[in-house]
Structure formats: structure tokens, C-alpha cells
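Asks: Generate coordinates for the sequence data below:
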Amino acid sequence: MKIIKNNHLSLILLVVFSLTHMLQAGLDGRSFFMPRPQGINLAHEMTGWHSFINRCDTKKVYGAFTVTPAYNQSYKSEYIANALFGTNTLQISGSQVMSMNGDATRGSCDLLADYFGLSSQFQSSVQLDPSIKNTSCDFAAYTGFHDWYIKVHAPLVWTQWNLGLSEAITSTHNNTIANYPANYMGTGVVAPGANSFIEAMRGNTRFGDMQEPLRYGKICGNQHKAGLADIETVLGWNFVNRINGFFGMNLRMIIPTGNRPNSEYLFEPIVGNGKHWGAGLGISGRARLWEKDGEQEFSFFGELNGTHLFNSKQTRSFDYEKNGFFSRYMLLKEFDASGNYAGKLVPAINRTTFECSVRSALQVDFAAMFAYTYKNFVFDLGYNAWFRTKEQIKLSCCQSLTPFGIKGVQDTSPLPTPGNNTQSTATIYGILYADRNDPRYIDQNSPVYAGYIEPSSAASTSMLSNKFFTYFGYNAVIDSKRIDPFVGIGIEIEFEGYNDNSTVYLSNTTMSQWGIWIKGGFGF
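Replies: The predicted model follows:
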């Protein structure tokens with residue numbers, strides 16, 4: 001068994017903490033986060049223009065066009081952090097931290113600093129404050145004839161995602177930059193590649209035999225994306241369509257025009273729904289509850305849409321099934337054709353990131369709204385629930401690679417033999433035990449390789465959110481023209497659907513957000 005050999009107390013204490021890891025659950029989370037798509041928003045879709053659509057008072061072609069600029073921003077950042085890490089605070093410490101001053105100071109859920117190119121004596125606390133901001137402009141058009149209608153909307157989106165990392169380094173400056181022990185990360189003494197966890201996660205770190213920096217799962221401040229989110233088209237038929245209300249059904253199709261996830265960044269910005277084609281059904285209706293003098297009206301509106309999201313080819317990063325959470329950030333040893341260590345270390349995530357097929361069985365968007373009109377003024381108040389089932393992931397063919405094994409805390413260059421020691425049971429926390437029959441490596445060309453990968457580690461869980469919204473607007477009726485303009489302003493607040501202040505379900509975590517929008521357009 002090979003480990004940092006110049007400190008026997010370090011070895012003993014690491015054994016103790018290894019046993020602790022076996023008895024205590026660690027962190028949990030996913031490598032991918034996919035919130036509600038920007039284009040799925042019944043609050044924006046239903047408000048304001050209901051006087052101009054679903055009409056029964058004309059036999060001519062009629063319709064409406066709207067432009068809806070909006071701003072949305074997440075809050076309660078701990079929910080997003082929990083989805084990715086199971087916590088909003090990460091503790092980072094090196095394998096020798098436990099021996100400082102003779103005290104066992106490594107926490108049982110500390111991420112092992114050594115894996116990230118940080119000193120074995122490094123120690124820090126990282127706070128996460130994730131945020132997602134969306135600025136959008138939704139263009140929508142509606143055309144009706146008798147009881148049939150076609151509706152299309154397409155939002156332009158600029159989205160900004162930031163994990164909001166801040167780090168407090170608690171080790172001394174000298175210990176922070178202390179070299180690795182001889183032969184631990186390469187031949188002889190090797191200097192660490194980074195001085196902070198934030199620096200290490202930017203993807204430029206090199207040290208010793210580790211000369212292939214992160215290609216995936218990087219964290220690098222603000223990341224943004226702009227584009228046309230999914231185009232949604234609707235063909236509807238109101239088989240009940242009267243002055244006092246309507247009821248009908250529709251066929252829906254989502255045309256993906258946003259970006260496809262590529263996993264270069266851990267918290268990557270997504271425009272749209274991840275390149276999923278979608279198809280489904282919807283029902284909608286209105287009932288006029290009260291009317292007075294042709295100037296006042298109080299109505300109830302309801303809409304329920306269900307959509308199946310078809311397979312989408314995406315690139316996701318996976319953990320190892322037996323090594324648990326964040327094992328994608330451990331170090332691997334590559335071996336040559338003779339089964340000897342080839343003198344190369346690589347981040348596991350560079351070898352566990354694959355193209356895969358992703359689908360979601362059902363996405364549901366429901367809204368109930370009360371609308372009050374007084375002459376030309378409109379006031380809407382409603383509730384919206386959004387739900388999406390968990391993602392199903394099917395791995396594509398794995399890329400070709402020579403055999404490799406998990407390094408763990410084993411040496412790379414013990415003399416006089418090559419550093420063939422592996423640690424197949426290692427975790428991101430640094431469990432001790434080396435393999436008895438070295439090397440124990442995984443051949444990615446082998447058909448059993450997929451059995452080592454945990455698909456759910458990269459799959460978005462089921463999501464549920466609840467939203468309340470309100471809108472106030474003015475509809476101008478111009479008798480001398482066929483075009484009647486309208487404009488209004490709305491606000492919304494969306495709540496996490498599974499969790500509250502006292503409970504956190506890591507397997508079901510959504511995004512809470514608030515938003516404001518202006519909706520303007522005209523009916524004809």
C-alpha cells in the first residue's frame with residue numbers, strides 16, 4: 001500500500017477517517033441542472049390578450065400579435081446548490097491536513113484537495129451562491145377562424161449563470177503552496193498546480209504527471225448564452241365557443257432552437273429545453289362568472305398542457321457508480337499495453353464525459369386565472385404549476401482509451417518499480433485502501449465499462465414549481481381601424497415545489513425565481 005510516506009501519523013489518521021467515510025454518508029448531487037425552460041410560461045402566455053383571442057363574435061379571420069420583454073432572476077440559491085452538491089458550503093482539505101499540529105482536522109465530508117492540484121496541506125471553505133438571470137423577449141402570434149386557431153410563440157433569450165463561488169483559505173500561506181511529497185504526483189518532488197480551489201476549477205491546472213487539465217466540468221465565473229429558445233406551435237379547436245365562455249383542446253409541438261448541453265462547465269447556461277423536440281396535447285377554457293352593463297366582466301380561465309420531450313443527443317459528465325458523488329473529479333492513472341503505469345495522470349471527468357441520449361417522459365404546465373375587465377382596463381390574477389418527470393439517460397458508445405485505473409492517494413513513481421498501485425474503492429473524500437492485486441484498471445473499450453458509470457449522476461431529477469402572477473393592462477379600442485393596441489405589466493413569483501424552509505429533498509430540487517414583464521401588442 002503506497003501513500004504519502006514521510007508522515008506515519010498522517011497514514012494512521014487517514015485510516016481512521018477512511019473508516020469514518022464508510023459509516024457516514026457524504027454529499028450528494030448531480031453534474032447537470034436543467035430548470036424550467038424560458039419559453040414555457042403560461043403566466044406570460046395567458047395574460048393581457050384574452051380579449052382578442054378565442055372569439056365567437058366574428059366569422060372573419062381575426063387574431064393578435066404580442067411582444068413580451070421580461071426579466072427573471074433566481075432566489076434561494078441554496079436550492080440550486082443542493083441539487084448540484086447537496087450543500088451550499090464545500091470543505092476542501094489535503095491528505096496531510098489531518099497531521100498538522102498532531103490534530104485530526106480533516107472533516108469526514110472534505111473534498112480531497114490533492115485531486116485538484118492543491119497542496120496536500122491545503123485547507124479552505126468554499127461558499128456557493130448560484131444564480132440564474134434571464135432576459136427575454138417573447139414574440140407571439142395568434143390567428144383564428146371560426147372555432148379553429150393557430151398560435152406560435154418564440155422567445156429570444158439572454159441567460160447568465162453563475163455558481164457564485166467565494167473561498168476562505170484557512171491553511172497558512174506556506175502550507176498552501178507546500179510541495180507534494182516525493183513520487184506522489186510524479187518523479188521526485190512536485191509543486192502544486194493551483195493555490196485555491198477556485199483557481200483549480202478554471203481548468204488550467206497542470207502539475208507533475210497531470211498535464212491534461214480539465215476539459216469538462218469547469219467553473220469559471222459568469223457564463224452566458226443568447227439565442228432563440230424553443231419555438232412552440234399550437235393548433236387548437238374550441239368545440240364549445242359562446243359568449244359566456246369556451247372550451248377546447250389543442251395539439252402542440254416544440255421545435256428546438258436553443259443550445260445543446262456540452263458539459264464544458266459544471267453549471268452551463270441553457271437557452272431553451274436542451275434541444276428536445278416535443279409533442280403533446282392541451283386543453284383550455286373560459287367561463288364568464290359575472291357581467292354588468294357591458295362595461296365590467298369577471299371570468300375564470302384554465303389551461304393544462306402536457307408535452308413529451310423526445311430523445312436529445314447531449315454531452316453529460318458522469319460519476320462512477322461504486323465511487324459515488326463527485327468521483328468524476330478524482331485522478332486516474334493511464335497504463336501502457338504491458339500493464340505498466342504510463343507516467344500520465346488525468347482528471348476522471350475527461351474520461352467519464354460522453355455523448356448520451358436524454359429524454360423526459362412528460363412536462364406539464366397548468367394555470368388557473370381570474371380576469372376582471374372594467375371598460376378598457378384589464379386585471380389578471382392567477383396560479384401556475386409546472387412539472388417535469390426525471391430525465392432518462394442512455395449512454396452512447398464510449399470513446400476509445402487505453403486502460404486506466406483510479407489513482408486515489410497512491411504514489412506514481414515508487415522505486416525501483418513503476419507506480420502501478422491503484423485504488424479502485426477511492427472516493428472524492430480520499431478513502432485509503434489500495435488494491436491488493438495491482439494494477440486494477442478499467443478498460444474503456446470493454447463492454448462492461450458502462451457498468452462502472454452511474455447514469456443518474458448526470459440526470460436532472462423530477463421538478464415541480466408553484467407560481468403566482470398578476471397583470472394590469474389597458475386595451476385601446478380604436479373604432480375607425482381594425483387594429484386595437486394593448487399594453488400592460490405583469491409580475492410573478494415562483495416557489496420551489498418539493499422543499500420548504502424545514503425540509504430539503506436532494507433528489508427533487510427546483511429553482512425559485514421572480515420575474516417582471518411588459519406585454520404589448522395589437523388585435524385585429
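
Asks: Might you list the low-confidence residue ranges for this protein?
Replies: 1-26, 98-104, 172-176, 397-402, 414-417, 432, 443-451, 478-481, 499-509 (pLDDT under 70).

Asks: try 80 this time
Replies: 1-26, 98-105, 171-177, 396-402, 414-418, 431-434, 436-438, 441-451, 477-482, 497-510 (pLDDT under 80).

Asks: those helices in it, which residues are they?
Replies: 8-23, 42-46, 77-85, 173-176, 197-200 (DSSP state H).

Asks: who are the neighbours of the third one, in terms of helices and strands?
Replies: Taking 3 or more C-beta pairs under 8 Å, 6 or more residues apart in numbering; DSSP states H and E as contact, the helices and strands that helix 77-85 lies on are strand 131-145. Every C-beta, even on glycine, is put in place using the N, C-alpha and C of the backbone.

Asks: angle of the strand it packs on against helix 77-85?
Replies: Put simply, strand 131-145 runs at 100 degrees to helix 77-85, going by axes from the mean of the first three to the mean of the last three C-alpha atoms, to 10 degrees.

Asks: Need the CA coordinates for strand 131-145. PDB is fine.
Replies: The C-alpha trace of strand 131-145 is given here as PDB (Å, rounded to 0.1, in the frame of the first residue of the first chain):
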ATOM      1  CA  SER A 131     -27.800  32.400  -9.600                       C
ATOM      2  CA  ILE A 132     -29.600  32.300 -12.900                       C
ATOM      3  CA  LYS A 133     -30.700  35.500 -14.700                       C
ATOM      4  CA  ASN A 134     -32.900  35.500 -17.900                       C
ATOM      5  CA  THR A 135     -33.600  38.500 -20.100                       C
ATOM      6  CA  SER A 136     -36.100  37.600 -22.800                       C
ATOM      7  CA  CYS A 137     -38.400  39.000 -25.500                       C
ATOM      8  CA  ASP A 138     -41.200  36.700 -26.500                       C
ATOM      9  CA  PHE A 139     -42.900  37.100 -29.900                       C
ATOM     10  CA  ALA A 140     -46.300  35.500 -30.100                       C
ATOM     11  CA  ALA A 141     -48.900  35.400 -32.800                       C
ATOM     12  CA  TYR A 142     -52.500  34.100 -32.800                       C
ATOM     13  CA  THR A 143     -54.800  33.600 -35.800                       C
ATOM     14  CA  GLY A 144     -58.400  32.300 -35.500                       C
ATOM     15  CA  PHE A 145     -61.100  31.400 -38.000                       C
END
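
Asks: quick one, what contacts Gly280?
Replies: Counting by C-beta atoms under 8 Å, 6 or more residues apart in numbering, Gly280 makes contact with 251-252, 305-308, 363.

Asks: and it, how far is that from Gly272?
Replies: 16 Å (C-beta to C-beta, to the nearest Å).

Asks: With Phe354 instead?
Replies: 22 Å.

Asks: between the two, which one's more packed in?
Replies: Neighbours per residue (other C-beta atoms under 10 Å) separate Phe354 from Gly272, with Gly272 holding more: 26 against 21.

Asks: The residue lying closest to that one once chain neighbours are set aside: what's it in contact with?
Replies: Spatial nearest neighbour of Gly272, excluding adjacent residues (C-beta to C-beta, 6 or more residues apart in numbering): Gly258 at 2.2 Å. Contact analysis of Gly258 by C-beta under 8 Å, 6+ apart lists 37, 157, 227-230, 270-275.

Asks: burial count for Asn41?
Replies: Close neighbours of Asn41, defined as other C-beta under 10 Å, add up to 27.

Asks: before we move on, what about Lys313?
Replies: Neighbours of Lys313 (other C-beta under 10 Å): 12.

Asks: and the gap between it and Gly217?
Replies: Counting by C-beta to C-beta, the gap from Lys313 to Gly217 is 19 Å.

Asks: cool, and Phe472?
Replies: For Phe472, the distance to Gly217 - C-beta to C-beta - is 45 Å.

Asks: more crowded one of those two?
Replies: Gly217 (24 against 15).

Asks: Look up which residues are beta-bridged to the closest residue to Gly282 other than its chain neighbours.
Replies: Distances taken as C-beta to C-beta, 6+ apart put Asn305 closest to Gly282, at 3.9 Å, once the chain neighbours are dropped. Beta bridges link Asn305 to Gly282, Asp365, judged by DSSP bridges.

Asks: Assess the claim that Gln38 and Asn134 are in contact.
Replies: Yes - under the criterion of C-beta atoms under 8 Å, Gln38 is in contact with Asn134, at a separation of 5.3 Å.

Asks: Can you show me the strands along the stretch 301-450 of the chain?
Replies: 319-320, 331-335, 341-347, 353-374, 377-388, 391-395, 404-406 (DSSP state E, counting those that start in this stretch).

Asks: Would you list the strands that the shortest one pairs with, along with their directions?
Replies: Based on DSSP bridges, the pairing partners of strand 319-320 within the sheet are strand 453-454 (antiparallel).
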